[in-house]
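**Student:** just a sequence and a predicted model for now, questions to come.
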Amino acid sequence: MYDKERGLYIAHCANGALSIQGKMANRHGLIAGATGTGKTVSLQVMAETFCQAGVPCFMADMKGDLSGISQVGKMSGFIEKRLPEFGVENPEFQACPVRFYDVFGEQGHPMRATISQMGPLLLSRILQLNETQAGILNILFRVADEQGLLLDDLKDLRSMLNWMGDHAKEITLKYGNVTTTSIGAIQRSILQLENQGADKFFGLPSFDIQDLLAVEGGKGVMSVLAADKLMMQPKLYSTFLLWLLSELYTTLPEVGDLPQPKLVFFFDEAHMLFTDTSKALLDKIEQVIRLVRSKGVGIYFITQSPADIPENILGQLGNRVQHALRAYTPKDQKAVKTAADTFRANPAFKTDEAIMNLETGEALVSFLDEKGAPTMVERAKILFPLSQIGAITEGQRMDIMKQSRIYGKYDNPVDRQSAFEVLLAQAEQAALAETEETEAAEVEKQKEEKKKPGIMSKVWKAVLTAITSTLATILGTYVSDKITGKKTKSRTSATGRVVKNATSAATRSVTRELTRDILGNLIK
């Protein structure tokens, strides 16, 4: 709970209240412990304490339990028993203003990002691309930028890949090797991502980071992400949250150390962020975490063991809450020692032994003091939440969503003219131009064919020539007989022979013409 005297009151130990210094809350933190030791309740207590101080928070809800922060808590036997431990007589149970979000748009307002906003580095991580394929993705973003093509959703990404495959030769000469094999591999990865529901995440309207900084009635708004389905796709989950952090870093102005942070970001199941992560991406994560505090943002990782966090990042987490760890195997014993070594030792007890003997709701706590130095570790009990512990009903969730100030802002997807539409229009124009060119060539061919004499015209020409020749021969023979006075019989006989010969000549002439023309057409 929060009050002006105690500040961000989180836990209580034998020496009194343990509170996070407001101006040190943006120095990041860690909540760790085995399953069932109270990490989720610690997260809820810390979040609602920030809320009461007017600091908005963003948190991923893995099992739906954190949705209870939207409802007023109730007295229970467990809480009543613990009241004297905290010096509290009449706790003021209260709810926090909440906005529910869901990447898939099922249990909250949709959260979307465009392909361009995600960028080639994070996108390569989601798609699990190798170095060569990631290089092609970088070329794709460069080409799209130079040609003014907007990359909003997965179909834009596919269209650009298809276009690059069709123009691989000229792209290779200008930017580097682009092969259809690698393009095909990227397309398969996109298909797998789409089958996981990522097509609902990429698109418009994209999420406005400023909506995470809302304050209502003097309380910070709790942005609760439904992650029960999202966590089943660890690459999408971790990359989405990393994108969110990157957007905060690039969007928010530099503010330095404020009296209290502008936003606190809780990253549950934090080990997912660092699993199978390339060095380039790990460097990017470290950079964002190191620099985002100057934007007034505090990041708190929630995981089972501090060993899940890389050392360079673990060293930046000054505010620590460590719940119990079990040491059944040599690996577990090493994790316990690692956790113990991250604290400033307290001579009153051995840290590693205490970690293994903590009860549920109990933790080792160390926060930064006013000068930024870690305080001595204390064995303490975490406060109970003032809001409801456990999930709310579906009806309660829907009522909260409909009453939200951003209701309807992100619910309807928008599909503007982007790379897919532009490249499709270009392909249709090219196909139309090719069709028109083909049709024009066919028309010209037909015109040329009409100018050439056909087979039948050649036949009739040959027939007419032969007939004319025959008639001329008959007539010449007839006139000759008249002049010489030959008898009719012999004239007839001679005339018959002439006709026969002339007819044979005509037949041979026609046959030759037909044969020549047919063979000519076959050879063409």
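**Tutor:** Nice, I can see it. Numbering: from 1, shown residues only.
**Student:** can you give me the helices for the stretch 201-350 of the chain?
**Tutor:** Secondary structure of the stretch 201-350 of the chain by DSSP state H, counting those that start in this stretch: the helices cover 234-251, 271-274, 279-292, 311-314, 330-341.
**Student:** residue 201: which of those is closest?
**Tutor:** For the helices of the stretch 201-350 of the chain, proximity to residue 201 was assessed by C-beta to C-beta; helix 234-251 is nearest, at 7.0 Å. For glycine as for every other residue, the C-beta is placed from the backbone atoms N, C-alpha and C.
**Student:** what's next to the closest one, contact-wise?
**Tutor:** 58, 60, 103, 111, 113, 117-118, 122, 125-126, 128, 193, 196, 198, 201, 209-210, 212, 227, 230-231, 263, 265, 267, 269, 272-273, 275, 284-285, 288-289, 291-292, 295, 297, 299 (C-beta atoms under 8 Å, 6 or more residues apart in numbering).
**Student:** list buried residues within these.
**Tutor:** Among the contacts of helix 234-251, those classed as buried by neighbour count (16 or more other C-beta atoms under 10 Å) are 58, 60, 103, 111, 113, 117-118, 122, 125-126, 193, 196, 198, 201, 212, 227, 230-231, 263, 265, 267, 269, 272-273, 284-285, 288-289, 292, 295, 297, 299.
**Student:** please report how far the most centrally placed residue in the chain lies from residue 233.
**Tutor:** Compute the mean C-alpha point of the chain, and by C-alpha atoms, centre = their mean the closest residue is residue 202, 5.1 Å away. Taking C-beta to C-beta, to the nearest Å as the measure, residue 202 falls 14 Å from residue 233.
**Student:** thinking again about what came up before, any chance of the helices of the stretch 201-350 of the chain in TSV, plus mean pLDDT and distance to residue 400?
**Tutor:** Output for those, formatted as TSV (pLDDT from 0 to 100; distance: least, C-beta to C-beta, whole Å):
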stretch	mean pLDDT	distance to residue 400
helix 234-251	88	21
helix 271-274	86	27
helix 279-292	87	29
helix 311-314	91	34
helix 330-341	90	37
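**Student:** any idea which of those gets closest to residue 439?
**Tutor:** When the helices of the stretch 201-350 of the chain are compared by C-beta to C-beta, helix 234-251 sits nearest residue 439, at 48.8 Å.
**Student:** residue 171 is in contact with residue 139, isn't it?
**Tutor:** Yes. Contact criterion C-beta atoms under 8 Å: residue 171 and residue 139 qualify, at 6.7 Å.
**Student:** which neighbours do those two share?
**Tutor:** Here residue 171 and residue 139 have 164, 178 as joint contacts, going by C-beta under 8 Å, 6+ apart.
**Student:** and residue 90, which of the helices of the stretch 201-350 of the chain is closest to it?
**Tutor:** Going by C-beta to C-beta, the one of the helices of the stretch 201-350 of the chain nearest residue 90 is helix 330-341, 36.5 Å.
**Student:** one step back: mind putting the helices of the stretch 201-350 of the chain into a markdown table with distance to residue 441?
**Tutor:** What follows is these, written out as a markdown table (distance: least, C-beta to C-beta, whole Å):
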| stretch | distance to residue 441 |
| --- | --- |
| helix 234-251 | 51 |
| helix 271-274 | 60 |
| helix 279-292 | 53 |
| helix 311-314 | 66 |
| helix 330-341 | 75 |
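**Student:** show me the contacts of helix 234-251 that map onto strands.
**Tutor:** Where the contacts of helix 234-251 overlap with strands, as defined by DSSP state E, the overlap consists of 58, 60, 263, 265, 267, 297, 299.
**Student:** where does the stretch 251-400 of the chain have low pLDDT?
**Tutor:** The stretch 251-400 of the chain contains no residues with pLDDT under 70.
**Student:** try it again with 90
**Tutor:** Scanning the stretch 251-400 of the chain for pLDDT under 90 picks out 256-257, 269, 271-285, 287, 307, 326-333, 335, 338, 342, 360-361.
**Student:** same question for the stretch 51-200 of the chain.
**Tutor:** Per-residue confidence for the stretch 51-200 of the chain (pLDDT under 90) gives these ranges: 63, 76-90, 125-126, 128, 192-200.
**Student:** where along it do the helices fall?
**Tutor:** According to DSSP H, counting those that start in this stretch, the stretch 51-200 of the chain carries its helices in the segments 77-86, 115-127, 131-146, 154-166, 168-175, 180-195.
**Student:** and the fourth one, what does it pack against?
**Tutor:** In this structure, helix 154-166 packs against helix 115-127, helix 131-146, helix 180-195, helix 419-451, with contacts taken as 3 or more C-beta pairs under 8 Å, 6 or more residues apart in numbering; DSSP states H and E.
**Student:** 6 Å - rerun?
**Tutor:** Counting by 3 or more C-beta pairs under 6 Å, 6 or more residues apart in numbering; DSSP states H and E, the packing neighbours recorded for helix 154-166 are helix 180-195, helix 419-451.
**Student:** most tightly surrounded among those?
**Tutor:** Highest mean neighbour count of the helices and strands packed on helix 154-166: helix 180-195, a mean of 15 (counted as mean count of other C-beta atoms under 10 Å).
**Student:** helices or strands up against it?
**Tutor:** Using 3+ C-beta pairs under 6 Å, 6+ apart as the contact criterion, the elements in contact with helix 180-195 are helix 131-146, helix 154-166.
**Student:** quick one on the thing from earlier: and the helices and strands packed on helix 154-166 as TSV, adding distance to residue 366?
**Tutor:** Putting those into TSV (distance: least, C-beta to C-beta, whole Å) gives the following:
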stretch	distance to residue 366
helix 180-195	41
helix 419-451	51
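**Student:** so which of the ones you listed is nearest residue 321?
**Tutor:** helix 180-195 (35.0 Å).
**Student:** give me the angle between the closest one and helix 234-251.
**Tutor:** Calculated by axes from the mean of the first three to the mean of the last three C-alpha atoms, to 10 degrees, helix 180-195 forms an angle of 90 degrees with helix 234-251.
**Student:** ok so residue 10 is a strand residue?
**Tutor:** Yes. Counting by DSSP: H, G, I helix; E, B strand; the rest coil, residue 10 is located in a strand.
**Student:** what residues are up against it?
**Tutor:** 18, 46 (C-beta atoms under 6 Å, 6 or more residues apart in numbering).
**Student:** let's see that with 10 Å instead.
**Tutor:** 1-2, 17-20, 42, 45-46, 49, 319, 321, 363, 365, 367, 380, 382-383 (C-beta atoms under 10 Å, 6 or more residues apart in numbering).
**Student:** now, these that are in helices?
**Tutor:** Residues of the contacts of residue 10 located in helices (DSSP state H): 42, 45-46, 49.
**Student:** would you turn those into a markdown table with pLDDT?
**Tutor:** As requested, those are exported to a markdown table (pLDDT from 0 to 100):
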| residue | pLDDT |
| --- | --- |
| 42 | 95 |
| 45 | 96 |
| 46 | 96 |
| 49 | 95 |
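**Student:** most surrounded residue in these?
**Tutor:** residue 46 (28 neighbours; other C-beta atoms under 10 Å).
**Student:** quick check: that one touching residue 18?
**Tutor:** No. With contact defined as C-beta atoms under 10 Å, residue 46 and residue 18 do not form a contacting pair (11.5 Å).
**Student:** what's the overlap in contacts for the two?
**Tutor:** Common neighbours of residue 46 and residue 18 (criterion: C-beta under 10 Å, 6+ apart): 8, 10-11, 321, 382-383.
**Student:** tell me which of these is nearest to residue 218?
**Tutor:** Nearest to residue 218, judged by C-beta to C-beta, of these is residue 8 at 15.5 Å.
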